[in-house]
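> turn this into a model:
(3 chains)
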Amino acid sequence: MKEKVLMKGNEAIAEAAILAGCRHYFGYPITPQTEVAAYMAKKMPKIGGTFLQAESEIAAINMVYGVASTGKPSMTSSSSPGISLKCEGISYLAGADLPALIVDVQRGGPGLGGIQPSQSDYFLATRGPGHGDFHVLVFAPASVQEMADLTGRALHLAWKYRMPAMLLADGTMGQMMEPVELPEEHEAFGTDNPWAAVGTGMKRPHNIINSLELSPERLEEKNVERFERYAEIEKNECAWEEYRMEDAEICIVSYGITARISRNAIVAARAEGIKVGMIRPITLWPFPAEPLLAAADKVDSFLCVELNMGQMKDDLELAIRCRKPVDLCYRVGGMIPTSDEVLDHIRALAEGGR
Amino acid sequence: MARLTFKEELCKGCGLCVAACPKHILELSNTHLNQKGYAPVKLMKPEECIGCAACATMCPDCVITVER
Amino acid sequence: MIVFEKPKALADVPFHYCPGCTHGIIHRLVAEAIDELGVEGKTIGIAPVGCSVLAYNYFACDMIEASHGRAPAVATGVKRALPESVVFTYQGDGDLASIGLCETVSTAARGENITVIFINNAIYGMTGGQMAPTSLIGQVTQTSPYGRDPASQGYPIKVCELLATLDAPAYLERVTVNNVKNVRIAKRAIKKAFQNQVEGKGFSLVEVLSTCPTNWGMTPQKALEWIDEAMIPEYPLGVYRDKEA
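Prediction:
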């Protein structure tokens, strides 16, 4: 087994992106993700890569758009208010069918909000962060190990499907230190990009990277084509983890930091004889609706645990077609539930009292 | 001997070439319109053209090719 | 012998610009510079949002369409990814001096080794003639129907003068294309701005005073004269920075 190193979540993202072949990072300082930029600032110059502190989040995402136009992997990272600013650029990336990695280490909002952890960008990320009809791939890591693994996976799938991917972490995951087994150096993306703007070399007609289409017929076609690709992704790329679901009567659905807390609550509830398990979405878009619908036939109720006012609860109810009741356990504004708070919810559900 | 050729279908009849010509030998047609519906430029006295390319220099639509 | 024809770096696509709009002349000058330096195969152009949004169809080199005002940031990404390429942006006054001013100043301040062609026609053309950051005092537009009033609408932004306060830019020049002589001067400036990049000299920007006969409400010829009468007094032509000189 490979040696493990102790790393912060934010640093694991940076190192994993480099190991996956990303050599261009653009960012703007914002708490709680600045370690990504600091790591890149140290490392990129030594490996012939680019670290550039952009003048704004908007500039950073457009620099990413520039690199992506050349077919090379690039990334930016930010936290919630900064992601709002990047949304225009993400929409253009989606409209021009360009791959890129955007990391959102979420903090409480709306507005300037706070600097403590949150999951309140769930809607923003999963509905398509920006104007227009589109999606980005959304990954929700629940450990420093996953911060590293999903960074590589996000880059890989962004290139496979030519679309932006978002790593949706939170302030806790970003700041947490854990031993992590770093992936081997690998190329997570294609190097043959006939669509890229790299200069014609006077050997082919010019390539145009563009999201403008003034013909409504053709713009409709492009949208429909994109959604056909999305359907493929929904079929092939959903990822989730099931925990103690074999005999569960209550199914917790949670991702990221709240999934870890829920896990502790499940252990405690099981010790009390309550049959509770968890389905943890690893991809939030595509949303793992299939295993949830299957679970709806077996369990009595669901408990959604989130650091927002129940944004994923909507997706969960849609996924299970409202066949079973869904309860919500939440804290917001940078507050995090204790495992006892989650346990109280589990107990109440077990007693049928909620 | 200078020779001008015009890609008439590109001409929008703006007249910048007409004003730029030092010999005053260009005019916008008053007899026909091109496919776009503009009155295109025409050379009135080809024999007086000195091939200075002032017309082509001021043309915003790359209508004019100049040979000398 | 052909002494003047459409440059090779322009694709065989007719311009959509209004009759007499000098965008077409400036496109041609950019293409002539690319041809004469022999760099078409390694050139990547960035189109803006505005009248020249469709510039990506007109240049024969690889092209990227940027969001409004962000062309210099996109160009930065491209140049960092492909340092050997020749990267230019082509931007109007709304794009470069209003919504994208932050990117313009920051890219210039970094001395990014790119070429910026800045079209100043003192108005928003594509959206139908609204006030631009470069509209003149008293200029009547759709959104300054009583004339631009500095008391509420401020003063024109002078991009070359503004950028000349920075240390990094290698070359800043303001030119125009309102007569044959000025077109030739503009051509020399644009070619130099590309040559500088090829030689690794850093950020070069050429501001071109351009016409908008349609939205100025003038004949194309009268619009050329208005550049002399109204624009040049506000925007003096000349070199604002040349590190070589």
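
> residues contacting C:Asp95?
C:48-50, C:68-69, C:71 (Cβ atoms under 8 Å, 6 or more residues apart in numbering or on different chains). For glycine as for every other residue, the C-beta is placed from the backbone atoms N, C-alpha and C.

> near chain C, which residues of chain B?
Residues of chain B found near chain C (Cβ under 8 Å from any Cβ of the partner chain) are B:9-10, B:12-16, B:19-20, B:38, B:51, B:53-54, B:56-62, B:64-68.

> can you give me the strands for the stretch 1-150 of chain A?
A:5-8, A:24-27, A:50-53, A:75-78, A:100-106, A:137-139 (DSSP state E, counting those that start in this stretch).

> same list, those strands, but as JSON lines with distance to chain C and mean neighbour count please.
Formatted as JSON lines, the strands of the stretch 1-150 of chain A follow (distance: least, Cβ to the nearest Cβ, whole Å; neighbours: other Cβ atoms under 10 Å in any protein chain shown):
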{"stretch": "strand A:5-8", "distance to chain C": "26", "mean neighbour count": "17"}
{"stretch": "strand A:24-27", "distance to chain C": "6", "mean neighbour count": "28"}
{"stretch": "strand A:50-53", "distance to chain C": "5", "mean neighbour count": "20"}
{"stretch": "strand A:75-78", "distance to chain C": "10", "mean neighbour count": "30"}
{"stretch": "strand A:100-106", "distance to chain C": "10", "mean neighbour count": "29"}
{"stretch": "strand A:137-139", "distance to chain C": "21", "mean neighbour count": "27"}
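
> that older thread, among the contacts of C:Asp95, who's most crowded?
Sorting those by how many neighbours each has (other Cβ atoms under 10 Å in any protein chain shown) puts C:Ala71 first, at 32 neighbours.

> so, low pLDDT: which residues of the chain?
The chain I'm using is chain A. For chain A, the stretches flagged by pLDDT under 70 are A:1, A:353-354.

> which residues touch the residue of it most remote from its centre?
Largest separation from the mean C-alpha position in chain A: A:Met202, at 39.9 Å (Cα atoms, centre = their mean). Counting by Cβ under 8 Å, 6+ apart, A:Met202 touches C:40-41.

> measure it to C:Gln195 for me?
20 Å (Cβ to Cβ, to the nearest Å).

> can you lay out the strands of the stretch 1-150 of chain A as TSV showing distance to A:Glu242?
Formatted as TSV, these follow (distance: least, Cβ to Cβ, whole Å):
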stretch	distance to A:Glu242
strand A:5-8	27
strand A:24-27	35
strand A:50-53	39
strand A:75-78	30
strand A:100-106	25
strand A:137-139	18
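
> could you dump those to TSV with distance to chain B?
Formatted as TSV, those follow (distance: least, Cβ to the nearest Cβ, whole Å):
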stretch	distance to chain B
strand A:5-8	58
strand A:24-27	37
strand A:50-53	38
strand A:75-78	39
strand A:100-106	37
strand A:137-139	45
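
> what's the closest of these to A:Trp195?
A:Trp195 sits nearest to strand A:100-106 of all the strands of the stretch 1-150 of chain A, at 14.3 Å, using Cβ to Cβ.

> report all helices and strands that the closest one contacts.
Here strand A:100-106 touches helix A:9-19, helix A:57-69, strand A:75-78, helix A:80-95, helix A:144-161, strand A:164-170, helix A:171-175, going by 3 or more Cβ pairs under 8 Å, 6 or more residues apart in numbering or on different chains; DSSP states H and E.

> ok now the fifth one, how far from the chain's centre?
So that's helix A:144-161. Centroid separation for helix A:144-161 versus its chain: 9 Å, with Cα atoms, centre = their mean, to the nearest Å.

> over to the second one?
Between the centre of helix A:57-69 and the centre of its host chain there is 19 Å, according to Cα atoms, centre = their mean.

> ok, that helix near chain C or not?
Yes. Judged by Cβ under 8 Å from any Cβ, helix A:57-69 and chain C are in contact via A:58-60, A:62-69.

> possible to save these as a markdown table with distance to C:Glu161?
Listed next are the residues of helix A:57-69 next to chain C as a markdown table, based on distance: Cβ to Cβ, whole Å:
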| residue | distance to C:Glu161 |
| --- | --- |
| A:Ile58 | 25 |
| A:Ala59 | 23 |
| A:Ala60 | 28 |
| A:Asn62 | 26 |
| A:Met63 | 27 |
| A:Val64 | 32 |
| A:Tyr65 | 30 |
| A:Gly66 | 28 |
| A:Val67 | 32 |
| A:Ala68 | 35 |
| A:Ser69 | 32 |
